[in-house]
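Novice: show me the folded form of this:
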Amino acid sequence: MKINNKFNALDAVIIAVFLSLAAVLAVRSFSSAPGRTAEFGYSVTVAELDSGAIPELKSGDTVYSPDGTVLGTVSRTVVTDAVQTFTDTRVVAGADPLRTVTAYGKSRLIIYITASGTEKNTGYSVGDIPVKVGTEMTVCVGGFTSAGTVTSVNGGE
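Specialist: Alright, predicted model coming up:
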């Protein structure tokens, strides 16, 4: 009986399937890695609050989620006039139709938060709550609770 020791197309396919399977398993194990504990900062912007309803938040106040997860501590707050953007239908063709106006009687509250959480290759999280720019987050500080949008995330704060 003669044994053929030549490399053929079937051998190449088997090796390619094996390497693909190994790559998929390596990526899955890396992405499900537990991550490392990290200190980071982020901001949550509450777009429109009645100007008289702005809470007095102090540096060091603890920020919670509605389920009681500690989201971090307030490092500072900024209050500005709220603005509204709308499309002006009276604009001449070719001009920018977007207009921004001050929302009278309304304020925008930006809460800067320092947190200790988990850093993975997919970003930061506090407990099971991801902290990513553009996501909505409900914050509770003292007696104040409001939904806002995460507007910045900075590592190593």
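Novice: low-scoring stretches of this structure, by residue?
Specialist: For the chain, the stretches flagged by pLDDT under 70 are 1-4, 25-34, 84, 86, 100-101, 103, 156-157.
Novice: tell me where it has helices.
Specialist: Read by DSSP state H, the chain holds these helices, from start to end of the chain: 9-31.
Novice: ok, V63 to T135 distance?
Specialist: With distances defined as Cβ to Cβ, to the nearest Å, the gap from V63 to T135 amounts to 15 Å. All C-beta spots, glycine's among them, are computed from the backbone N, C-alpha and C.
Novice: over to A38?
Specialist: Spatial separation of A38 from T135 under the definition Cβ to Cβ is 18 Å.
Novice: if you count what's nearby, which of these two comes out ahead?
Specialist: When A38 and T135 are compared for neighbours, A38 comes out ahead with 16 against 12, by other Cβ atoms under 10 Å.
Novice: setting aside sequence neighbours, what's the nearest residue to the more buried one?
Specialist: The shortest distance from A38 to any residue that is not its chain neighbour, by Cβ to Cβ, 6 or more residues apart in numbering, is 3.8 Å, and that residue is E119.
Novice: for the residue nearest the centre of the chain, give its distance to L57.
Specialist: The residue lying closest to the centre of the chain (Cα atoms, centre = their mean) is K132, at 0.8 Å. For K132, the distance to L57 under the criterion Cβ to Cβ works out to 23 Å.
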